[in-house]
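Novice: pasting the sequence and the predicted model now:
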Amino acid sequence: MRTRRIRFAGGTNRWARDLYLRAFPEDERIPWALIHVLSLRRGVDLVAWWDQPAGSTRAARPDPVALTWTVRRPGSRLLFLFYLAVDDAARGRGVGTRLLAELERRHPGCTIVLDIEPVIAEADNAEQRRRRFSFYERSGFRDTGYAVQDSTGEYWTLAREAPGTTFDPDDFRDALSCLDCSLITARVVRRQQT
């Protein structure tokens, strides 16, 4: 897969912003301009993904197929996948699976961590949540038993651990602190098991 950082005035910015607005509910979104500002920090990357080899021409598929926003503190062996969105036109073609494998290849030895909405039967989108959880399980992620709590609610923390590593909630807290700017007030807590 081919990638390029998304710049505020760059050619992929409008596409990325539109996908971001479609993919995430308003109450789960950070302001787009703030994402760009935070992405100026070392280890914080807003990236567009193309489903083609790195050396191929843009004519093969001119539009990106996915975006990611990741955090990896310098020297850390934890990559936090804050946002992952696959374009509507590319869904169901294995793009998400290939993208996760590519993240693992590009960050060898790193545990990849992400959050999902809790899988609870009472949720309005319970089936969507269940399918998302199943996708991540098939992709090698496991439920850590931790959650991120913020002003929008609680999100379960999943991890795809690199060989020889285990999920460390303190490393995850450190990754979240890279984004702390008084607008993101997330806490990592052990979930109540039901």
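Specialist: Thanks, I have the structure now. Numbers count the residues shown, from 1 in each chain.
Novice: helices of the protein, start to end?
Specialist: Under the criterion DSSP state H, helices of the chain are mapped to 13-23, 32-38, 95-106, 126-138, 169-177.
Novice: remind me what the last one packs against, helices and strands.
Specialist: In other words, helix 169-177. strand 78-86, strand 111-116, strand 142-150, strand 187-190 (3 or more Cβ pairs under 8 Å, 6 or more residues apart in numbering; DSSP states H and E). Where you see a C-beta, it was placed from the backbone N, CA and C, and this is true even at glycine.
Novice: what does the longest one give?
Specialist: Using 3+ Cβ pairs under 8 Å, 6+ apart as the contact test, the elements touching helix 126-138 are strand 111-116, strand 153-160.
Novice: give me the below-cutoff pLDDT ranges for the protein.
Specialist: Across the chain, the ranges flagged by pLDDT under 70 are 53-61, 181-184, 193-194.
Novice: residue 29 contacts residue 22, correct?
Specialist: No - the criterion here is Cβ atoms under 8 Å, and residue 29 misses it with residue 22 at 10.8 Å.
Novice: which of these two has more neighbours?
Specialist: Taking neighbours as other Cβ atoms under 10 Å, residue 29 and residue 22 compare with residue 29 leading, 15 against 10.
Novice: report the separation between that one and residue 6.
Specialist: According to Cβ to Cβ, to the nearest Å, residue 29 and residue 6 sit 15 Å apart.
Novice: from residue 66, how far off is the closest residue to residue 22 other than its chain neighbours?
Specialist: Leaving aside its sequence neighbours, residue 22 sits nearest to residue 88 (Cβ to Cβ, 6 or more residues apart in numbering; 7.1 Å). For residue 88, the distance to residue 66 (Cβ to Cβ) stands at 11 Å.
Novice: and what of residue 79?
Specialist: Counting by Cβ to Cβ, the gap from residue 79 to residue 66 is 16 Å.
Novice: got it, and residue 125?
Specialist: 21 Å.
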